[in-house]
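In: Can you look at this prediction? I've put the sequence above it.
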Amino acid sequence: KISCSGSGGKCFPSQEELDIRPKVSSLLGKLVNYTNLTQGVKEHEEAESADGSKKKVSKSPSMGTLMGVYLPCMQNIFGVILFLRLTWMVGMAGVLQSFLIVLLCCCCTMLTTISMSAIATNGVVPAGGSYFMISRSLGPEFGGAVGLCFYLGTTFAGAMYILGAIEILLTYIVPQAAIFHPSGAHDASSAMLNNMRVYGTVFLLLMAVVVFVGVKYVNKFASLFLACVVISILSIYAGAIKSIFDPPEFPICMLGNRTLSRDQFDVCAKTIVKDNITMGSKLWELFCHNTNLTTENCDEYFLLNNVTEIAGIPGAASGILKDNLWSNYLEKGEILEKAHHPSIEAASQKNNLHLYVLSDIATSFMVLVGIFFPSVTGIMAGSNRSGDLKDAQKSIPVGTILAIVTTSLVYFSCVLLFGACIEGVVLRDKYGDAVNKNLVVGTLSWPSPWVIVIGSFFSTCGAGLQSLTGAPRLLQAIAKDNIIPFLWVCTCSRGPFLNVFLLLEIRFIFPSLHNVLVTLSMFFLMCYLFVNLACAVQTLLRTPNWRPRFKYYHWALSFLGMSICLALMFISSWYYALVAMLIAGMIYKYIEYQGAEKEWGDGIRGLSLSAARYALLRLEEGPPHTKNWRPQLLVLLKLDEDLHVKYPRLLTFASQLKAGKGLTIIGSVIQGNFLETYGEAQAAEQTIKNMMDIEKVKGFCQVVVANKVREGIAHLIQSCGLGGMKHNTVVLGWPYGWRQSEDPRSWKTFIGTVRCTTAAHLALLVPKNVSFYPSNHERYNEGNIDVWWIVHDGGMLMLLPFLLKQHKVWRKCKMRIFTVAQMDDNSIQMKKDLATFLYQLRIEAEVEVVEMHNSDISAYTYERTLMMEQRSQMLRQMRLTKTEREREAQLVKDRHSIARLESLYSDEEDETEPVPENIQMTWTKEKCDSEKRNRGSAVGSFRDLISIKPNQSNVRRMHTAVKLNEVIVNKSHDARLVLLNMPGPPKNTDGDENYMEFLEVLTEGLERVLLVRGGGREVITIYS
């Protein structure tokens, strides 16, 4: 062969051409040295054979597509099912439904191979194969869960091969080797199970010795095992061709249309002639219990029907195919019958049933899918060996797809040949009882049935050895990633093998091959499902690193493959599918709970980002409806000089209020220059995150560096959150010791923050005496949460206790609502209306109305007189007629016009006469009471309100605080928590100290107080 290459276009014999098309001698040498072991096992083999002092020079990868991928996949795909169960499947399902079963399973593996090829060619795949691909594509949680499922599947595949080898040995090669024999006619299955238990353990021990001595011995026999498989399959084709002109002689004995078990008699006739005397045959003796031709004890069906012989292998030219096209499913214990064969119906004795060929399990399309699927698994063999391949990114897709195409053609052709050559009742005979205990597929083979029997025995033994070497390596790959802590013992060289050994031994205690096959199908289908999901997720996310060399993939194909896998799981066995999914789910949650700190750039992280982006863009469309409103918290924390959280109970309160729902942002400010204090900010952020973990606060942390603390807090209030996922409530600590502090910055920062939240229309929560708040480990088994509803703030005061009661700390507390009635209010009606309102809000609470003189609370209500009117009107509107509502609306308008001028203590205080700078007063209860006595009576008219002096205004405020405090302490002194409306500070900063004093006096004598200031919108509704 002369090839042209090079820049000059010269033609010369190419060395590359010799590599691509090797000489016959080198090809034969490669076949002899062929190995089906994964690279992890080969490395282990080399480590065993290497001397301790000498290091072997690592060889460069040299395996091509044929040796490295195609043949290993072929050997892994072809297995025990082809020889032991495919004929039985064709007999039960018929040729057409068998085609459908093979098509479904092969489509599943082909689509999975396309997805796997895309992942495998997107970089190097080390030992671990599918586990590595899934874990690096979907994350450690999915990877660990599916990796363990794949490990269990590989382990159970070993059980399948060993049980298959035992069945061939005891049923077809050496039946005399059975230790347990049936004591009665119906004990055959239990005796076989006991034999499998003993021989399964013996086979497992022998294979364990081989593997312990060295996996290189398994390697040496790999080519022999592959040759056995190939020769066995070729003998089936040869036998099918020969059956066209010379069908093999395997007669079947029929009684009427029922199939007789041939191993219990030799002559298929009722009578025989011996020494010119007609006497009963062995068959007569079995059915009539005598040989003298008397019929007293004979089976009625035996007497009425003739005994005939038909050909077990009519041959491809016989036209038997049309009889085998359709399904013939049987129930357990049902006799195999030939349709349209002459028969007279009659009762048959139960003790003679063992003379017929019976169905050992109930069959259906779904059962057969689960049994057949393991025969198409093994497609990962090539990807597991990527490190040994010269060009893995070319060899894996080509070799695996060619192997699937080849094996699929073999399965389709075998289904057709079995249906065209073998009699239906023989096909449905699982163990070959009708053909003298011969392997059914062996009856068709040429030159002898022993070719198939011996070949299938050695191939199943070899496949079992490979499973025993492959499963421990897979388990060790998972253990070395350290994502499942309890697998640490499997990181050593012998640990995984002992694990597999014990698991297989446990499996042999329940040695039903049918159950092993269905279990195996579940675990492999789970694995293939997630390979498809991994490819689909990576394709749809279009991550920059997703650049597979294999281009013939599409997310739709991956989703189709995933759907087929899921459908096959539930078609095979819905309860096995649920168990497999439960196992995978438990492993997933365990890894997630343990917190696998692995960042592999997996697709789930990218999927989370895409989902978060989509959700944020949707949230941006508008503010949440009142029904969806919940406090999204910005908790402002203060740090001490050592960057430790000063009041950690603020985080405790936040966790109790949120109970893991909604958004929580923990913010803090470090004073200084960002360039100089960046390290401190990082340390502070880590400290806060650790404290969040301790207090079980689920949320985000943000530390800001600013020249002034007030500026930093303003930045946090403005900029925290993203898009529609922003905070709507600020939690602010109380400035303790502000009276004693010489530096006024602490309480001025507090008031500045209150002003910022008001300007931003955010709700504000100020927990006072937060050190006395309960920890997450405490439980209040009794007590009250008292709400003092003085002005309507959008429903915050109603909603907060309800949210707190969702947490286990506050769950058993009762809620009480106190509202203040003025002298002109109807207290009885007001209480009734409030109870109705709470009922419609679906909030359980006691209601109490406290009457106070107008002058006692005027300073508290000057800021939101209209809001107080709204509260009263809201309660009254529930019982007003239309005319009364119109009159009330006019009254509210009139009162509102007066309220606009009443600016004794409002956010608009700067519109009234400003406070002179020389007046600075700090008020106590005594001063307030004396000033009240000196002043005489309260202002009674609108003209007097306009002429009030600033000092008189301060007195009125303090009087309100004193009176309200007396009432609150009287009613709520033993409450677990008291919630109060928090009035806003004046815009004129000269009165800030008086405002702080007002709040101190208002909350004096109360152990735990939560000051609440609404954000100016409704947060609770009576509607569903």
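Out: That came through fine.
In: just checking, what's the longest helix in this protein?
Out: Longest helix in the chain, counting residues (DSSP state H): helix 86-120.
In: Does anything pack onto that one? Which helices or strands?
Out: With contacts taken as 3 or more Cβ pairs under 8 Å, 6 or more residues apart in numbering; DSSP states H and E, helix 86-120 sits against helix 130-138, helix 365-372, helix 392-421, helix 424-427, helix 440-444, helix 513-541, helix 555-572. In short, each C-beta sits where N, CA and C put it, glycine included.
In: So what's the model's average confidence on the longest one?
Out: Same thing as helix 392-421. The average of the pLDDT scores along helix 392-421 is 92.
In: repeat for stretch 727-744
Out: 77.
In: Stretch 695-709 too?
Out: On average, stretch 695-709 scores 86.
In: Next, the buried residues of it.
Out: For stretch 695-709, a neighbour-count test (16 or more other Cβ atoms under 10 Å) marks 695, 697, 699, 700, 701, 702, 703, 704, 705, 706, 709 as buried.
In: Can you tell me which of those is nearest residue 541?
Out: residue 700 (23.2 Å; Cβ to Cβ).
In: Show the backbone phi and psi for that closest one.
Out: The phi/psi pair for residue 700 (degrees, to the nearest 10) reads phi -120, psi 160.
In: Name the residues linked to it by a beta bridge.
Out: Residues in a beta bridge with residue 700, per DSSP bridges, are residue 665.
In: gap between it and residue 725?
Out: Distance, residue 700 to residue 725, by Cβ to Cβ, to the nearest Å: 10 Å.
In: what pLDDT, on average, does the longest helix of the chain get?
Out: 93.
In: Return the set of buried residues in stretch 753-767.
Out: So, applying 16+ other Cβ under 10 Å, buried residues of stretch 753-767: 753-758, 760, 762-767.
In: what do you get for stretch 971-991?
Out: For stretch 971-991, burial by neighbour count (16+ other Cβ under 10 Å) applies to 971-972, 975-986, 991.
In: Tell me how far the helix or strand harbouring residue 473 lies from the chain's centre.
Out: According to DSSP states H and E, residue 473 maps onto helix 449-480. Put simply, helix 449-480 sits 31 Å off its chain's centre (Cα atoms, centre = their mean, to the nearest Å).
In: Just want the angle from that helix to helix 130-138.
Out: 40 degrees (axes from the mean of the first three to the mean of the last three Cα atoms, to 10 degrees).
In: ok, and for helix 449-480, which residues are buried?
Out: 449, 451-479.
In: Also stretch 481-490?
Out: 481, 483, 484, 487, 490.
In: again, but for stretch 329-345
Out: For stretch 329-345, a neighbour-count test (16+ other Cβ under 10 Å) marks 329, 330, 335, 336, 337, 338, 343 as buried.
In: same deal with stretch 390-403?
Out: 392, 393, 394, 395, 396, 397, 398, 399, 400, 401, 402, 403.
In: For these, work out which two are farthest apart.
Out: Top of the distance list for those (Cβ to Cβ): 393 and 403, 17.0 Å.
In: Which parts of the stretch 651-800 of the chain are helices?
Out: 674-694, 709-719, 745-759, 796-804 (DSSP state H, counting those that start in this stretch).
In: Could you list every helix and strand in contact with the second one?
Out: In this case it means helix 709-719. Applying 3+ Cβ pairs under 8 Å, 6+ apart, we find helix 709-719 packed against strand 633-637, strand 664-671, strand 700-706, helix 745-759.
In: Including distance to residue 246, could those go into TSV?
Out: TSV is the format used below for these (distance: least, Cβ to Cβ, whole Å):
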stretch	distance to residue 246
strand 633-637	87
strand 664-671	83
strand 700-706	81
helix 745-759	97
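In: quick one: which of those is nearest residue 575?
Out: Across the helices and strands packed on helix 709-719, residue 575 has its closest neighbour in strand 664-671 (41.6 Å, Cβ to Cβ).
In: And that closest one, how far out from the chain middle?
Out: 34 Å.
In: contacting residues for residue 672?
Out: Taking Cβ atoms under 8 Å, 6 or more residues apart in numbering, we find residue 672 in contact with 680, 705, 707.
In: Stretch 973-992: end-to-end distance?
Out: 28 Å (Cα to Cα, to the nearest Å).
In: Quick one: mean pLDDT over it.
Out: Rounded mean pLDDT across stretch 973-992 is 80.
In: so how far is it from its chain's centroid?
Out: Distance of stretch 973-992 from its chain centroid, counting by Cα atoms, centre = their mean, is 48 Å.
In: again, but for stretch 282-302
Out: Distance, stretch centre to chain centre, for stretch 282-302: 63 Å (Cα atoms, centre = their mean).
In: Tell me where the stretch 151-300 of the chain has strands.
Out: Counting by DSSP state E, counting those that start in this stretch, one finds strands in the stretch 151-300 of the chain at the ranges 251-255, 258-259, 271-274, 277-280.
In: What's the local residue count around residue 607?
Out: 17 (other Cβ atoms under 10 Å).
In: That one contacts residue 541, doesn't it?
Out: Yes. The criterion here is Cβ atoms under 8 Å, and residue 607 meets it with residue 541 at 6.3 Å.
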